[in-house]
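Trainee: fold the following for me, if possible:
(one chain, ligands or ions: 1)
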Amino acid sequence: MTDRSNGETEVRDGVAAAYAEARRALGVGDGGATDATESPVTVGVAPGIRAVALRTPTLPPATHTACYLVGPSEGAGEIFVVDPASPYPDQQDALDRILERERVAAVLLTHHHGDHVGGAAHLASRGVPVWAHAETARRIDVSVARELADGDACGPVRAIFTPGHAPGHLCFHDPASGALIAGDMVAGLGTILIDPSEGDMRVYLESLEVMARLEPSLLLPAHGPMITDALGKLREYVAHRLMREGRVFEALSLVAKRPATPRELVPIAYADTPKLLWGLAERSLIAHLLKLEADGRARRNGDLWAPA
Ligand SMILES: [Zn+2]
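Mentor: Model (predicted):
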């Protein structure tokens, strides 16, 4: 197991690198410094679901990841801990104090990113089994006791396979309340990065449709506040990505006489995005180009792209 408990976040995937790059560009720290005034507390967000916001090294403007506790409170029954999130020792201690009063059946992971699995090894070392999708299990240094597949029941919630942001991404649906724990499929604050190193724009859009078909009453994202207009938000996400895809295609068409690199296309397709974030935008743009290629609308020769 790679020791993440020293507060240092290992940059081992494209998304973690992109998050770090965005924090540097925006001049915000890594979030690791202890703020003594901050003490995470549980907040009820749906019947049988509580949230604990833990400070994490994530994508600005978000600074925290929500860890969700599913099941009855205060030891009245077993609970499941979704995304113990933080690699920082003070945040892990705070979560430990909250969990002292609980009987934890298992940790459930939405996906493998460091701002979601940061506390998993710590809880595993205390004997809590970790459950995750096989594609998540192979990307983390934590032993996964049970590999979850689409539809599997985990106490009161059901795993929903939603790849696209990450290959093993799961949402967790509570049929009783209609709440959907959404991981990094949607955000209440900031944006969701589809990084070509492990994300897939076409698959991501399909997974948003899978989520919409559940007709959730509430989306519980990992970053930012809960989303009460669940279907509206899912529709907005699909529309926004298709709008951006349109701009990427327009940019390609503008430079049609001379194939262009993704970097040359960014200032055209992301003219509305602050220049500081163009490094991040380039990754998303490549994800859009790959979808356009899969759809038969773009072609490439090495790093040079043109309309098909
Ligand atoms: Zn993520």
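Trainee: please work out the average pLDDT along the longest helix along the chain.
Mentor: Secondary structure of the chain per DSSP state H: the longest helix is helix 230-254. Regarding helix 230-254, the rounded mean pLDDT is 96.
Trainee: okay, buried residues for it please.
Mentor: 230, 233-234, 237, 241, 244-245, 247-249, 251-252 (16 or more other CB atoms under 10 Å). (C-beta placed from N, C-alpha, C; glycine too.)
Trainee: what's the neighbour count on Glu100?
Mentor: Using other CB atoms under 10 Å, Glu100 has 8 other residues around it.
Trainee: next: Ile192.
Mentor: Other residues close to Ile192 by other CB under 10 Å number 22.
Trainee: again with Leu108
Mentor: For Leu108, using other CB under 10 Å, the count is 25.
Trainee: then Ala182?
Mentor: 31.
Trainee: isn't it up against His223?
Mentor: No: using CB atoms under 8 Å, Ala182 makes no contact with His223, being 9.9 Å away.
Trainee: circling back: for the buried residues of helix 230-254, give me CSV that also has distance to His116.
Mentor: Below are the buried residues of helix 230-254 laid out as CSV (distance: CB to CB, whole Å):
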residue, distance to His116
Ala230, 21
Lys233, 20
Leu234, 20
Tyr237, 19
Arg241, 22
Arg244, 25
Glu245, 27
Arg247, 30
Val248, 28
Phe249, 32
Ala251, 33
Leu252, 34
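Trainee: report the two of those separated the most.
Mentor: Using CB to CB, the two most remote members of the buried residues of helix 230-254 are Ala230 and Leu252, lying 33.5 Å apart.
Trainee: pretty sure Leu292 is touching Ala298, no?
Mentor: Yes: if you go by CB under 8 Å, Leu292 and Ala298 touch, sitting 3.7 Å apart.
Trainee: circling back: out of the buried residues of helix 230-254, who's nearest Gly114?
Mentor: For the buried residues of helix 230-254, the nearest to Gly114 is Tyr237 (23.4 Å; CB to CB).
Trainee: where does the protein dip in pLDDT?
Mentor: 1-13, 29-38 (pLDDT under 70).
Trainee: from Gly199, how far off is the residue nearest in space to the middle of it?
Mentor: Nearest to the geometric centre of the chain sits Asp184, at 2.4 Å (CA atoms, centre = their mean). Separation of Asp184 from Gly199 (CB to CB, to the nearest Å) stands at 10 Å.
Trainee: mind listing the shared neighbours of those two?
Mentor: Listed as contacting both Asp184 and Gly199 by CB atoms under 8 Å, 6 or more residues apart in numbering are 165-166.
Trainee: which SS class is Val107?
Mentor: Three-state assignment for Val107 (DSSP: H, G, I helix; E, B strand; the rest coil): strand.
Trainee: count of neighbours near it?
Mentor: So Val107, with other CB under 10 Å, has 26 neighbours.
Trainee: same question for Asp150.
Mentor: 12.
Trainee: wait, it sits on Ala159?
Mentor: Yes: using CB under 8 Å, Asp150 is in contact with Ala159, at 6.4 Å.
Trainee: if I look at the residue lying farthest from the centre of the chain, how far off is the ion?
Mentor: Farthest-out residue of the chain from its mean C-alpha position, per CA atoms, centre = their mean: Lys257, at 37.9 Å. Noted for Lys257: a distance of 38 Å to the ion, by CB to the ion, to the nearest Å.
Trainee: and that residue, which of the three is it?
Mentor: Going by three-state DSSP: Lys257 is coil.
Trainee: returning to that earlier point: got the contact list for the residue nearest to the centre of the chain?
Mentor: Going by CB under 8 Å, 6+ apart, the list of residues near Asp184 reads 110-111, 113, 116, 165-166, 169, 192, 221-223.
Trainee: before we move on, what about Leu54?
Mentor: 40, 64-67, 84-86, 88, 91, 94-95, 119.
Trainee: make sure it is indeed in a strand.
Mentor: Yes: when three-state DSSP is applied, Leu54 is found to be in a strand.
Trainee: find the nearest non-adjacent residue to it, please.
Mentor: Distances taken as CB to CB, 6 or more residues apart in numbering place Ser86 nearest to Leu54, at 4.0 Å, with adjacent residues excluded.
Trainee: same deal with Asp174?
Mentor: Val157 (5.0 Å).
Trainee: that older thread, of the contacts of Asp184, list those near the ion.
Mentor: Filtering these for neighbours of the ion using CB under 5 Å from the ion leaves His113.
Trainee: in the stretch 101-250 of the chain, which spans are helices?
Mentor: Per DSSP state H, counting those that start in this stretch, the stretch 101-250 of the chain carries helices over the ranges 114-117, 120-124, 134-137, 201-213, 230-254.
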